[in-house]
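Novice: have a look; sequence and predicted model below, questions after that.
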Amino acid sequence: MKEIARLGLILMLICAVAAGSLSYVNGITSAIIADREEKEKIAQMQKLFPDVATLEDKTVDGMTATIGLDGAGKMVGLLAEARTEGYAGTIRFTLAVDGSGKIVGVNILSQSETPGLGDKIKEPAFLSQFVGKTGKDPITAGQDIDILAGATVSTRAMASGVKKALAEILVRFMGAEAPKQPTFNPSALKDGKYTGTADGFKSDIKVEVTIVGGKITEIKVLEHNDTANFFKMAEEEVIPRIINKQSVEVDAASGATGSSKGIMQAVLNALAK
Amino acid sequence: MGNIIVIIFGAIFINNFVLSRFLGLCPYFGVSKKVETSIGMGMAVTFVMTMASLVTWLLEWFVLVPNNLQYLRTIVFILVIAALVQFVEIVMRKVAPALYEALGIFLPLITTNCAVLGVAILNIQIGYNLFEALVFAVAAAAGFTLALVILAGIRERLELAFISRHFRGVALSLIIAGILSIAFMGFQGMM
Amino acid sequence: MSVMKDLSRGIIRDNAVFRLVLGLCPTLAVTGTAENGLGMGLSATAVLVCSNLVVAALRNVIPNKIRIPCFIVIIATFVTMVDMLLNAFLPALHAQLGIFVPLIVVNCVILGRAEAFASRNPVLNSAADGIGIGLGFTLALTTLGAVRELLSKGTIFHANILGSGYQPFQVFGFPPGAFIALGLMLALFNMLSRKFRLE
């Protein structure tokens, strides 16, 4: 018994010395490692924004951004991660925005778009189209962003994803005012026909809304180029719901969410003027 | 569930511990003379690897991380594994003396089998949860056993062949392992 | 005199890899290039020398019954230190060697030397033995790394040797090439050692 106690004591002593010396070395090296990792992060930011001197991580409303500050503590740019729903799943990307709210770079972190078609979104030729855009630019597929051949949905997803992320960054980190949500009140509208357009699943949707006696009485789709049978599902389910509820806050047709949301938004755009 | 299948298939075939990750080579070349002993060794390694994964995973997430002591990981893990091997040795001597005789010197050597410490560290580095870690350990050990039994089968046949004396022993085993490794590389196209 | 002998013996005559066939995991895993082989060899040498020193110094203090756990703790301590220092000062090499830095703990060469030599010999001889075996290990790893790098990329230590027209022997950069290259080198070493009667 005494023997076991002696052996245990010696082993414990050695372990204690080992742990002590390790914590000493760890104390020295962990600071150096943290310092180096910080420097690597700064170097990465400096490639985007040459004036960066220090970094700060900030989270606002669930969005985290690494903010680069110059020597005087002024924001010269930030890097944030965002996501958008593509054709075949979520696309994760980073967005670098400089202090004036201009896009400096977009980089795809992960995507699962169709190889050879949709996955062209990760190529520099496509991503460089976003560089230099600001919150005032349309950032819309077919306007200032070229649609990739055979990958309309992926292109539109990236364009709207970048646009939305940029708007969120401007509001959360750069003090821009949040845009007012457009609303409408049918009873305050004059009788007549109103038209509006919005983004569908893969095309613009144009609708004509008829108001009679302060009520939405008819919604007609003038133009669209979404997949026909999905769009039909959306049209048949969503339009009666909007007329019934006199509001665009209705359930989407399951299986045709993109087209449904497009119709609701188009009606909103028509009436909220 | 798909995730689990990927872990199992990956650990056995694609990133086979021996033939692709180079873990556990000492027992691989040491105990692969006979198919029978190689199966025994494989079973001992499977048991130790699974137990070690369980204990080290719990230690990492319930002792080391809460106390910010991750830098003691190597030292703690190796001590746990050494203790476990001692335990297996004692049990095996009582329960299966024939197997104990056959595995002989290699049982204590499981302590210095880098596959065991390797699986414990990989579990933490990859960030598996407890269930995934256990599945990974069993699959990795199965991959180890598979590679070991295949090599032992080939070596049993080579006993009867004429071999240049410069190549006898480990040199030839290494080249056979190289050819097996090429075969296993073929699985990479499947994922 | 005997200190010099302890030093020189480990380099060729008792070379850990080529003669004793120990420490194979890191030997095969990190020798894709000569640089990584050298880095791994020197890291293991540092651990080996330090652990041999401490084990020899404490050889009369450590009770025989618990010597193995004690050796393991001592070795693990130095391995963790090397791991931290590499991460702090040579991050690129640390990333390349990856999991094989902590796995130096289970390198049979190191525990083998602690048990077979350092626990029975004075401090100075043990240090010399550690340096000798360590250099032999480094030599083996660097040579294997150089051969594999030359065959798979046509370079040694990133210096182009075989010219731009060389069609690389890709397989030597992958796991199978490691096994085959070491197998061939072992056979060559066997042949040479028979010829020069090293037995």
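Specialist: Thanks, I have the structure now.
Novice: next, count neighbours for C:Asn121.
Specialist: Neighbourhood size, C:Asn121 [other C-beta atoms under 10 Å in any protein chain shown]: 19. Where you see a C-beta, it was placed from the backbone N, CA and C, and this is true even at glycine.
Novice: that one should be in a helix, yeah?
Specialist: No - assigned with DSSP: H, G, I helix; E, B strand; the rest coil, C:Asn121 falls outside any helix and is coil.
Novice: so it touches C:Ala57, yeah?
Specialist: No - with contact defined as C-beta atoms under 8 Å, C:Asn121 does not reach C:Ala57; the gap is 11.2 Å.
Novice: now do the same for the residue in the stretch 151-273 of chain A positioned nearest to chain B: helix, strand or coil?
Specialist: Going by C-beta to the nearest C-beta, chain B is nearest to A:Gly255 of the stretch 151-273 of chain A, at 23.6 Å. Using three-state DSSP, the secondary structure recorded for A:Gly255 is coil.
Novice: can you list contacts of the helix or strand where A:Arg83 lies?
Specialist: Secondary structure assignment for A:Arg83, by DSSP states H and E: strand A:75-85. With contacts defined as C-beta atoms under 8 Å, 6 or more residues apart in numbering or on different chains, strand A:75-85 is touched by A:45, A:48-49, A:51-52, A:63-70, A:90-99, A:104, A:109, A:157-158, A:160-162, A:164-165, A:168-169, A:173-174.
Novice: which of the residues you listed are buried, as a ChimeraX select command?
Specialist: Burial among these is assessed by 16 or more other C-beta atoms under 10 Å in any protein chain shown; the matching ChimeraX selection reads:
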select /A:45,48,49,51,52,63,65,66,67,68,69,70,91,93,94,95,96,97,98,99,104,157,158,160,161,162,165,168,169,173
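Novice: what does chain A put close to chain C?
Specialist: Proximity of chain A to chain C, by C-beta under 8 Å from any C-beta of the partner chain, involves residues A:6-7, A:10-11, A:14-15, A:18, A:21-22, A:25-26, A:28-30, A:32-33, A:36.
Novice: can you flag the buried ones in those residues?
Specialist: When the residues of chain A next to chain C are checked for burial by 16+ other C-beta under 10 Å, the buried set is A:7, A:10-11, A:14-15, A:18, A:22, A:25-26, A:29-30, A:33.
Novice: helices or strands up against the helix or strand where B:Phe144 lies?
Specialist: Assessed by DSSP H and E, B:Phe144 sits inside helix B:130-158. Helices and strands touching helix B:130-158, by 3 or more C-beta pairs under 8 Å, 6 or more residues apart in numbering or on different chains; DSSP states H and E, are helix B:2-9, helix B:25-30, helix B:35-59, helix B:114-126, helix B:170-185.
Novice: show me what counts as buried in that helix.
Specialist: Buried, per 16+ other C-beta under 10 Å, within helix B:130-158: B:132-152, B:154-155.
Novice: what distance separates that helix from the centre of its chain?
Specialist: 7 Å (C-alpha atoms, centre = their mean, to the nearest Å).
Novice: could you check the angle that helix makes with helix B:35-59?
Specialist: With axes from the mean of the first three to the mean of the last three C-alpha atoms, to 10 degrees defining the directions, helix B:130-158 sits at 160 degrees from helix B:35-59.
Novice: show the model's pLDDT score for B:Gly189.
Specialist: At B:Gly189, the model reports a pLDDT of 63.
Novice: just A:Lys120 next, same as before
Specialist: 83.
Novice: how about the contacts made by it?
Specialist: A:Lys120 sits in contact with A:126, A:148, A:151, A:154, where contact means C-beta under 8 Å, 6+ apart.
Novice: surely C:Gly134 and C:Ile11 touch.
Specialist: No - in this structure C:Gly134 lies outside contact range of C:Ile11 using C-beta under 8 Å: 9.4 Å.
Novice: name the residue in the two with the higher neighbour count.
Specialist: A side-by-side neighbour count of C:Gly134 and C:Ile11, using other C-beta under 10 Å, places C:Gly134 first with 26 against 19.
Novice: what would the helices and strands packed on helix B:130-158 look like in CSV with mean pLDDT and mean neighbour count?
Specialist: Below are those laid out as CSV (pLDDT from 0 to 100; neighbours: other C-beta atoms under 10 Å in any protein chain shown):
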stretch, mean pLDDT, mean neighbour count
helix B:2-9, 80, 13
helix B:25-30, 82, 23
helix B:35-59, 88, 21
helix B:114-126, 89, 24
helix B:170-185, 90, 20
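Novice: got the ones you listed as TSV, with distance to A:Lys58 columns?
Specialist: Formatted as TSV, the helices and strands packed on helix B:130-158 follow (distance: least, C-beta to C-beta, whole Å):
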stretch	distance to A:Lys58
helix B:2-9	33
helix B:25-30	48
helix B:35-59	34
helix B:114-126	29
helix B:170-185	46
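Novice: I figured C:Gly173 hits C:Gly32, correct?
Specialist: Yes - counting by C-beta under 8 Å, C:Gly173 touches C:Gly32, with 5.7 Å between them.
Novice: between the two, who's got more neighbours?
Specialist: Remark: of C:Gly173 and C:Gly32, C:Gly32 carries more neighbours, 22 against 17, as counted by other C-beta under 10 Å.
Novice: checking that one next. Helix, strand or coil?
Specialist: coil.
Novice: mind checking how far it is from A:Thr217?
Specialist: Distance of C:Gly32 to A:Thr217, computed by C-beta to C-beta, to the nearest Å: 74 Å.
Novice: try A:Gly62
Specialist: Distance from A:Gly62 to A:Thr217, by C-beta to C-beta: 41 Å.
Novice: same question, C:Thr142
Specialist: C:Thr142 is 85 Å from A:Thr217, by C-beta to C-beta.
Novice: give me the more crowded residue out of the two.
Specialist: Neighbours per residue, other C-beta under 10 Å: of C:Thr142 and A:Thr217, the larger number sits with C:Thr142, 23 against 12.
Novice: can you tell me the helix or strand for that one?
Specialist: Assigning secondary structure by DSSP H and E places C:Thr142 in helix C:123-153.
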